[in-house]
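Peer 1: Please work out how this folds:
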Amino acid sequence: MSEVYEASGIKSKERKNRRKKNEIGIIKKAIFEILEADHPQTVRQVFYALTVRKLIGKNEKEYDSTVCRLLGEMREEGTVPFEWVADNTRWKRRPVTYTGLSDAVWNLAQTYRRNLWDDAEDYVEIWVEKDALAGVIVEETDPLDVPLMVAKGYSSKSYAYGAAQDIADEMERLKRIYIYHLGDSDPSGEDAARDVEAKLRRYTQKFRPGADVEIHFKRIAVLDEQIERWNLELRPNKKGDRRTAKFHRQAGSVELDAIPARELRKIVRDAIEPHIDHDLHDAIKRMQDGEQKYLLQWPQNFRQGQGWGLL
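Peer 2: Below you'll find the predicted structure:
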């Protein structure tokens, strides 16, 4: 028998008959409300938000046939702006080019930023297991000038080695390194965090053997207390995963996407905040503003044929 959701009167997509037009309209309205209230979000976060509202079933068929399909339609028809949906899984590689020196200097002036952590006592990185969620989290890391690393589950040795080299470079001036990790609460997700930590510690020792620098590694999502606090959706543990038998929660696993986007960004912001020297950041930003205004004079100078006359 198909599942019936009392809150909306909508039946699961698993039934033989397709949903009626008014049922689809209710789901579309909910999708818009979810994204209008908080964006960007991943498609999977919208899926979890709809299951919480009991508008769709908690299965992959609903994710693919209902959420992905309807969100695709809504973006194509202009109901939902494309920028409301985060997707960092696709990349475009193209060299940066300019129409001339004036254009290049104008671009530099618009994007110029000082390193906010140059004289800070701590170094902070945020690691996230899923690349799609990077588009959600970057809303917090980018303004605060904090590196955002995408592990994609078990980080490759090459990726971890390169990250460790950057950390080792920071060790020359710092005594404390803080790495915060966000990933699924399932047998593989929690073990992947352990694997990332082990690789970073091992490889930084290759660059800085015996360095007297503390590396603090901490998982900040998904945690058991977060699952309880937000009543996050459980899904069955993967039977084929050899780690399942020893996993601490046999009742099920929780995907990182199940955490609402607003709460996910708050988790990241709360992790970074204690390390910020606000007086130092404010002073650096004031210098940045002054230097940016100075840079903005250059394009006009080039157009007048004066070259680097302002230097």
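Peer 1: Starting from residue 143, give me the distance back to residue 290.
Peer 2: 19 Å (C-beta to C-beta, to the nearest Å). In this view, the C-beta of every residue, glycine as well, is placed from N, C-alpha and C.
Peer 1: residue boundaries of the strands in this protein?
Peer 2: Ranges of strands in the chain, per DSSP state E, are 4-5, 10-11, 122-128, 148-150, 176-182, 214-221.
Peer 1: From what I see, residue 83 and residue 35 are in contact.
Peer 2: No - judged on C-beta atoms under 8 Å, residue 83 makes no contact with residue 35 at a distance of 10.2 Å.
Peer 1: who has more neighbours, these two?
Peer 2: Using other C-beta atoms under 10 Å as the criterion, residue 83 and residue 35 rank with residue 35 on top: 22 against 10.
Peer 1: Just the pLDDT for the spatially closest residue to the more buried one that is not a sequence neighbour.
Peer 2: Take residue 35 and drop its neighbours on the chain: the residue closest to it by C-beta to C-beta, 6 or more residues apart in numbering is residue 84, 4.5 Å away. Looking at residue 84, its pLDDT stands at 94.
Peer 1: Show the contacting residues for residue 84.
Peer 2: Counting by C-beta atoms under 8 Å, 6 or more residues apart in numbering, residue 84 makes contact with 35-36, 39-41.
Peer 1: separation between it and residue 141?
Peer 2: 19 Å.
Peer 1: OK, contacts around residue 193?
Peer 2: Here residue 193 is in contact with 129, 181, 183, 219 (C-beta under 8 Å, 6+ apart).
Peer 1: please redo it, this time with the cut-off set to 6 Å
Peer 2: 181, 183, 219 (C-beta atoms under 6 Å, 6 or more residues apart in numbering).
Peer 1: Just name the shakiest helix or strand of this structure by mean pLDDT.
Peer 2: strand 4-5 (a mean of 42; mean pLDDT, DSSP states H and E).
Peer 1: re the thing from before, make a markdown table out of the contacts of residue 193 and add pLDDT.
Peer 2: Formatted as a markdown table, these follow (pLDDT from 0 to 100):
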| residue | pLDDT |
| --- | --- |
| 181 | 97 |
| 183 | 95 |
| 219 | 97 |
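Peer 1: Run a quick neighbour tally on residue 222.
Peer 2: With other C-beta under 10 Å as criterion, residue 222 counts 27.
Peer 1: and it, what pLDDT?
Peer 2: Reported pLDDT for residue 222: 96.
Peer 1: quick one: it from residue 275, how far?
Peer 2: Counting by C-beta to C-beta - residue 222 and residue 275 are separated by 22 Å.
Peer 1: where does this structure have low pLDDT?
Peer 2: For the chain, residues meeting the criterion pLDDT under 70 lie at 1-17, 88-92, 299-311.
Peer 1: let's go with 50 and repeat that
Peer 2: Residues of the chain meeting the criterion pLDDT under 50: 1-7, 12-15, 310-311.
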